[in-house]
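> Fold the following.
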Amino acid sequence: MDALEAIRKRRSVRKFTGQAIPKADLETIVDAGRWAASGSNRQLWDFIVVTKRETIVEFVPAAPWIVQAGAVIALVLDPVTRWWVEDGAAAIQNMLLASTALGYGSCWVEGDALPREEQFKALLGVPPEKRLMALIPVGVPAEWPQREKKPLEQVIHWEKF
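Next up is the predicted model:
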């Protein structure tokens, strides 16, 4: 699947079959995150790939459906630069697109994970000075959402708003 097709097909998948994901595919997904743009090329991220079901179950307070994922990727960042959020967002988008290109569903779980950041950092052994930005559940989709996007004509502006 080419990049533009992956962009058009990507959706937030929240229903998975529970099937395991091959290690090589998970490495490909994380590698896509590693190749993201990074402010001043600092690359202040780490990726924790969780495949053990007993650990994935611990993420249920952030998203009950997460237990069906084949893996969860936790994105950890060092907030020493003012661009750490943008760097993390770029890495997440790359991983979401890579997941789609490989035929997997994924979802960006941040809003319900951040209130539990300290709990999840302790679970994963993340150093206190680092931030756990998001959880990315990845899995074989049980269904692929079909949400429509606004038409281009409705959102594009030329020269001025």
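
> Give me the next element, helix or strand, following the longest helix along the chain.
In the chain, with assignment by DSSP state H, the single longest helix is helix 84-101. Using DSSP states H and E, the helix or strand that follows helix 84-101 towards the C-terminus is strand 105-106.

> Which strands or helices does that following strand pack on?
Secondary-structure packing of strand 105-106 (3 or more Cβ pairs under 8 Å, 6 or more residues apart in numbering; DSSP states H and E): helix 84-101, strand 131-139. Every C-beta, even on glycine, is put in place using the N, C-alpha and C of the backbone.

> could I get those as CSV with mean pLDDT and distance to Cys107?
Below are those laid out as CSV (pLDDT from 0 to 100; distance: least, Cβ to Cβ, whole Å):
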stretch, mean pLDDT, distance to Cys107
helix 84-101, 97, 8
strand 131-139, 97, 6
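
> Check those for me and report the most buried one.
Ranked by mean neighbour count, these are led by strand 131-139 with a mean of 25 (mean count of other Cβ atoms under 10 Å).

> Could you identify the helix or strand that succeeds that one?
Tracing the chain past strand 131-139, the next element assigned as helix or strand by DSSP H and E is helix 152-155.

> Now that following helix: buried residues?
By neighbour count with 16 or more other Cβ atoms under 10 Å, helix 152-155 contains no buried residues.

> starting at the chain centroid, how far to it?
Chain-centre distance of helix 152-155: 27 Å, with Cα atoms, centre = their mean, to the nearest Å.
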